[in-house]
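Participant: got a predicted structure here, sequence first:
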Amino acid sequence: MIKNITLALFFFVTASLGNCLADYSGLWWDPSKGGQGVSIFQNQNSICGAWYLYDSSGKDMWLVFTGVLSPGSTFTAQLLQYTGPALGTPWDINQVKSSNKGTVTLAFNTDTSITMNYTVNGISGTLNLEPFANDIASMYWDPDQPGQGVGVFMEGKNVYVVWYLYDKDGKDMWVTTGADLSLTSRKANLYEFTGPILGSVWDPSQVRPSVAGNASLILGNSGKIQIVYEIQGITGTMNLVPFVCSVSQRTSAASGS
């Protein structure tokens, strides 16, 4: 992901882990392939992840995966891509649909090293992941609009936010936003990115941000957050609450189940 993104936010922390497992929750990246990222949310031995990358045309896309982690293990999971309600239309959970785009294998080497081998649409590769923002990681969703989610990550005094959603055509897209950490309400730009074509030699100069809209984030009680947004000329509101990863629940924040 791109650094220097901060958010006006104090937030609820997801459930703590058992003593037998390391906590891999956070935003991870491969420094040699900056401009994309992998978010991981862990609740005991359940892991829910989202990978923010670029498709065969260089447009932003996201893929999600879930798995169960045993101490010292690797696990392999499907990489699922979602389509959903077109931006600005009434939310219809029946329009949230997934398709299998490949597989991912995560090898949890140490607390600060994950090897990620993937195959997406027949294209294989490897990311050597390191922590980007792993002090605190939380996942949020709007139960009235399942099938999308907001990841919130903290590293030192910096907070990083990634929101995965759907555009005017119902295609997956992701945006980032930031604001001053000392504030409790702030309007901030939402940034969308384009980048290197999937499977091409990684060229960080091709990672280009553009303003997709803006959002005001208002903090509530018990970790609740309200987002009032404008994206691509469409306005709306999301009422977010903390989401705790559970593989047995099929990751409702992503799947809408």
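Facilitator: Looks like it came in fine. Numbers count the residues shown, from 1 in each chain.

Participant: what's the spacing between Glu130 and Ser57?
Facilitator: 28 Å (Cβ to Cβ, to the nearest Å). The C-beta positions use only the backbone N, C-alpha and C, and glycine is treated the same way.

Participant: again but with Trp51, I slipped
Facilitator: Relative to Ser57, and taking Cβ to Cβ, Trp51 is found at 17 Å.

Participant: so those two - more neighbours on which side?
Facilitator: Trp51 (21 against 9; other Cβ atoms under 10 Å).

Participant: for the more buried one, give the beta-bridge partners.
Facilitator: Per DSSP bridges, the residues bridged to Trp51 are Val38, Leu63.

Participant: mind pulling up the phi and psi values for Ser57?
Facilitator: phi -110, psi 0 (degrees, to the nearest 10).

Participant: same thing with Gly195?
Facilitator: As for Gly195, its main-chain torsions (degrees, to the nearest 10) stand at phi -160, psi -170.

Participant: same check on Gln232?
Facilitator: The phi/psi pair for Gln232 (degrees, to the nearest 10) reads phi 50, psi 40.

Participant: Asn109 versus that one, what's the distance?
Facilitator: Gln232 is 40 Å from Asn109, by Cβ to Cβ.

Participant: and Leu80, by the same measure?
Facilitator: Separation of Leu80 from Asn109 (Cβ to Cβ): 25 Å.

Participant: and these two? Which one has more around it.
Facilitator: Leu80 (20 against 13).

Participant: how about that one: what's its closest non-neighbour residue?
Facilitator: Excluding its sequence neighbours, the residue lying closest to Leu80 (Cβ to Cβ, 6 or more residues apart in numbering) is Ser98, at 4.5 Å.

Participant: secondary structure element for the one you found, which one?
Facilitator: For Ser98, the element it lies in under DSSP states H and E is strand 97-110.

Participant: report the distance from that strand to the chain centre.
Facilitator: 14 Å (Cα atoms, centre = their mean, to the nearest Å).

Participant: who does that strand touch, helix- and strand-wise?
Facilitator: The contact analysis (3 or more Cβ pairs under 8 Å, 6 or more residues apart in numbering; DSSP states H and E) places strand 97-110 against strand 46-54, strand 60-68, strand 74-83, strand 113-120.

Participant: highest average neighbour count across those?
Facilitator: Highest mean neighbour count of the helices and strands packed on strand 97-110: strand 46-54, a mean of 23 (counted as mean count of other Cβ atoms under 10 Å).

Participant: the inter-axis angle of that one versus strand 97-110?
Facilitator: When axes from the mean of the first three to the mean of the last three Cα atoms, to 10 degrees is applied, the directions of strand 46-54 and strand 97-110 differ by 110 degrees.

Participant: now do strand 46-54 and strand 113-120, the angle between them.
Facilitator: 60 degrees.

Participant: now strand 46-54: mean pLDDT?
Facilitator: The pLDDT scores in strand 46-54 average 95.

Participant: got the angle between it and strand 60-68?
Facilitator: Interaxial angle, strand 46-54 versus strand 60-68 (the same axes, to 10 degrees): 160 degrees.

Participant: alright, that wraps it up for me.
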